[in-house]
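Engineer: fold the following.
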Amino acid sequence: MTTHYAVERGELGSHPLEKIRWRVPKPAIAVDPRVVANPQQARDLLDAVSYVGGYRRARGRRLVGFFAGMYYAGLRPEEAVAVALPDCHLPRTGWGRLVLHRTLPQAGKRWTDTGKFHDERGLKNRPRGETRVVPLPPHLVTMWRDHVATFGTADDGRLFFTEQGRIITYTTYNRVWHETRALALPPVLGSTPLTKRPYDLRHSALSTWLCAGADPAEVAQRAGNSVEVLLSRYAKCLYDRQSINNQRIEGLLSAYDQPPEPDEQDED
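Structural biologist: Next comes the predicted model:
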């Protein structure tokens with residue numbers, strides 16, 4: 001007799017499993033540490049972006065701040081595309097902040113309600129209308145201030161847009177990034193997975209924060225992840241942190257390898 005049939009016959013008052021809401025969790029895919037750029041490599045890549053394309057059309061220069069937001073603030077591409085000046089606090093000195101409340105993921109005209117390439121949505125894995133405050137380091141604040149002074153903003157306040165004021169598409173920024181890698185990386189690195197995708201800048205940011213010893217809870221809050229997902233995804237990228245801890249352990253053990261100093265009374 002099945003459980004549902006037993007309920008129908010009155011043998012059971014209710015299905016015993018109806019109150020269970022557990023679902024099989026999605027496995028977190030670990031980030032390949034080979035895609036993670038160190039700070040010097042990231043700076044070289046961001047410098048190279050400005051050299052992509054002609055100066056007048058500014059294909060690369062328009063996207064320097066876009067890619068910088070992914071590295072210095074850990075933004076997802078759909079979050080960086082949606083950054084608008086009214087949501088930013090960009091002081092002349094010190095740290096700034098960004099209040100994220102929307103994303104503009106690219107779905108294609110056939111799959112959006114408006115018939116445009118991008119849909120306006122809330123933050124990933126959060127109820128619509130919820131916000132996330134992201135601290136902006138001083139270097140990024142300066143870059144964004146310079147960007148606004150040079151290019152202004154789109155009609156809706158967005159910082160990053162095409163020459164015609166349209167939303168930047170994946171094809172556009174991915175092509176620029178492909179050319180950037182060719183300019184910035186030596187051949188021995190250009191053939192590796194190092195920052196092969198623009199999204200790898202976010203991976204580099206979060207890995208750097210964790211390796212610097214930042215509180216995982218704070219890193220997760222800034223990145224819009226749970227602590228569990230954060231640590232499971234970036235566990236393989238913590239080799240720098242492991243090296244530091246290895247040095248500390250080795251130093252402690254080495255201190256006990258030396259013979260003890262003779263006691264003064266024993267010398268007498």
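Engineer: do a quick rundown of the helices in the stretch 51-200 of the chain.
Structural biologist: According to DSSP state H, counting those that start in this stretch, the stretch 51-200 of the chain carries its helices in the segments 64-72, 77-81, 138-151, 170-184, 187-190, 200-211.
Engineer: ok, and for the first one, which residues are buried?
Structural biologist: When you say that, I think you mean helix 64-72. Buried residues in helix 64-72, counted by 16 or more other Cβ atoms under 10 Å: 64-72. Placement of C-beta: from N, CA and C, glycine included.
Engineer: columns distance to Ala184 on top of those residues, output as CSV?
Structural biologist: Listed next are those as CSV, based on distance: Cβ to Cβ, whole Å:
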residue, distance to Ala184
Val64, 12
Gly65, 17
Phe66, 16
Phe67, 11
Ala68, 14
Gly69, 18
Met70, 15
Tyr71, 13
Tyr72, 17
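Engineer: quick one: which of the residues you listed is nearest Asn225?
Structural biologist: Of all the buried residues of helix 64-72, Asn225 sits closest to Met70, with 14.8 Å by Cβ to Cβ.
Engineer: now that closest one: how far from Asp257?
Structural biologist: 46 Å (Cβ to Cβ, to the nearest Å).
Engineer: sorry, back to before: got a markdown table for the helices of the stretch 51-200 of the chain, with mean pLDDT too?
Structural biologist: Shown next, in a markdown table, are the helices of the stretch 51-200 of the chain (pLDDT from 0 to 100):
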| stretch | mean pLDDT |
| --- | --- |
| helix 64-72 | 98 |
| helix 77-81 | 96 |
| helix 138-151 | 97 |
| helix 170-184 | 96 |
| helix 187-190 | 94 |
| helix 200-211 | 93 |
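Engineer: quick one: low-confidence ranges for the stretch 101-250 of the chain?
Structural biologist: 108-117, 238-244 (pLDDT under 70).
Engineer: report how many residues lie close to Gln247.
Structural biologist: By the measure other Cβ atoms under 10 Å, the count of residues near Gln247 is 10.
Engineer: ok, now how distant is it from Arg202?
Structural biologist: Distance, Gln247 to Arg202, using Cβ to Cβ: 28 Å.
Engineer: the strands in the stretch 151-268 of the chain, which residues?
Structural biologist: Ranges of strands within the stretch 151-268 of the chain: none, based on DSSP state E, counting those that start in this stretch.
Engineer: same deal with the stretch 1-150 of the chain?
Structural biologist: Secondary structure of the stretch 1-150 of the chain by DSSP E, counting those that start in this stretch: the strands cover 88-89, 96-100, 132-136.
Engineer: which residues does the residue lying closest to Pro216 once chain neighbours are set aside contact?
Structural biologist: Of all residues not flanking Pro216 in the chain, Val227 sits nearest, at 5.3 Å (Cβ to Cβ, 6 or more residues apart in numbering). With contact taken as Cβ atoms under 8 Å, 6 or more residues apart in numbering, Val227 is in contact with 216-217, 220.
Engineer: which one among the residues you listed gets closest to Leu206?
Structural biologist: When these are compared against Leu206 (criterion: Cβ to Cβ), the nearest one is Ala220, at 9.0 Å.
Engineer: correct me, but the closest one touches Leu230?
Structural biologist: Yes: Ala220 lies in contact with Leu230 (Cβ atoms under 8 Å); the separation is 4.6 Å.
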